[in-house]
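Enquirer: return a 3D structure for these sequence lines:
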Amino acid sequence: MAEQAANTTPRAEGRRPRSPRGGRRDDRRNVRDDAPKEFEELVINIDRVSRVVKGGRRFRFKALVVVGNRKDKVGVGVAKGADVQAAVAKATSVAKKHLITLPLNGETIPHDSEVKFSGARVLIKPAAPGTGIIAGGVVRQIIGVTGVRNLLTKSLGSTNKVNIAYATIEALKSLVPREEWLNAQPVKKAAKKEAK
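Expert: Sure thing, here's the model as predicted:
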């Protein structure tokens, strides 16, 4: 007995001290990342979808997520997962991979645009300062994470949220900066400097 007790004490000295709660030493759950996020993530819609298999139905979740930096970048992603958290995480990573850059004209867009994607049609128009974002549902949420502050929109056709989201992104993607318009007057900065 005494020999056994003598054998256990050196091993106990070599061990790391146990945390008062026990369990994992690295304790990943309590580690928080306080760094500010570059992109704002917004879950627009979550659907429960199913597929029929031999034993019955298999249920999964489909998430529609928009990410934006409240300046000139925005992206939309759709993904499925076994649970809501997995679906949202996948959709967020898809949205970050498909970011587009908006050509802003102050706090609005340079010109109007109408795009049809599948059954959904979205019309976006520039608005005067102080108008705000006149939009409903999905379009409002997407425009909300961009730097656009004044905008008029109308959603026509299908009410499918995924199609409306993609139609909105296509409409924003189709915008041309004011400098690249065919009838745009070239900016004469060099001539102004020479005159001074």
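Enquirer: so, low pLDDT: which residues of this structure?
Expert: Within the chain, the ranges that satisfy pLDDT under 70 run 1-35, 184, 186-196.
Enquirer: show me how it divides into domains.
Expert: The chain breaks down by automatic domain parsing into domains covering 40-97, 103-179.
Enquirer: now mean neighbour count and distance to Gln185 too, for those domains, in a markdown table please.
Expert: For every residue, glycine as well, the C-beta is placed using N, CA and C. As requested, the domains of the chain are exported to a markdown table (neighbours: other CB atoms under 10 Å; distance: least, CB to CB, whole Å):
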| stretch | mean neighbour count | distance to Gln185 |
| --- | --- | --- |
| domain 40-97 | 16 | 23 |
| domain 103-179 | 18 | 10 |
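Enquirer: contacts for the one helix or strand Asn45 maps to next, please.
Expert: Using DSSP states H and E, Asn45 sits in strand 40-53. The set of residues external to strand 40-53 that reach it, using CB atoms under 8 Å, 6 or more residues apart in numbering, is 57-70, 80, 84, 87-88, 91-92, 95, 138, 141-142, 144-145, 161-162, 165.
Enquirer: for the chain, just list every one of the strands.
Expert: Ranges of strands within the chain are 40-53, 56-68, 73-81, 100-101, 113-117, 120-126, 133-134, 151-157, based on DSSP state E.
Enquirer: how about these, which one is nearest Ile169?
Expert: Closest to Ile169 of the strands of the chain is strand 73-81 (CB to CB; 5.2 Å).
Enquirer: which elements pack onto that closest one?
Expert: Counting contacts by 3 or more CB pairs under 8 Å, 6 or more residues apart in numbering; DSSP states H and E, strand 73-81 is packed against strand 56-68, helix 84-97, strand 100-101, helix 161-173.
Enquirer: sorry, back to before: need the strands of the chain in TSV with distance to Asn183, can you?
Expert: Shown next, in TSV, are the strands of the chain (distance: least, CB to CB, whole Å):
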stretch	distance to Asn183
strand 40-53	36
strand 56-68	31
strand 73-81	28
strand 100-101	23
strand 113-117	17
strand 120-126	17
strand 133-134	28
strand 151-157	23
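Enquirer: Pro177 is nearest to which of these?
Expert: strand 100-101 (10.1 Å).
Enquirer: any idea how far the nearest residue to Pro129 once chain neighbours are set aside lies from Leu123?
Expert: Leaving aside its sequence neighbours, Pro129 sits nearest to Asn150 (CB to CB, 6 or more residues apart in numbering; 5.9 Å). Remark: distance between Asn150 and Leu123 (CB to CB, to the nearest Å) = 16 Å.
Enquirer: so which residue is dead centre in the protein?
Expert: Per CA atoms, centre = their mean, the C-alpha nearest to the average position across the chain is that of Val67, at 1.5 Å.
Enquirer: that one contacts Thr92, doesn't it?
Expert: Yes - contact criterion CB atoms under 8 Å: Val67 and Thr92 qualify, at 6.3 Å.
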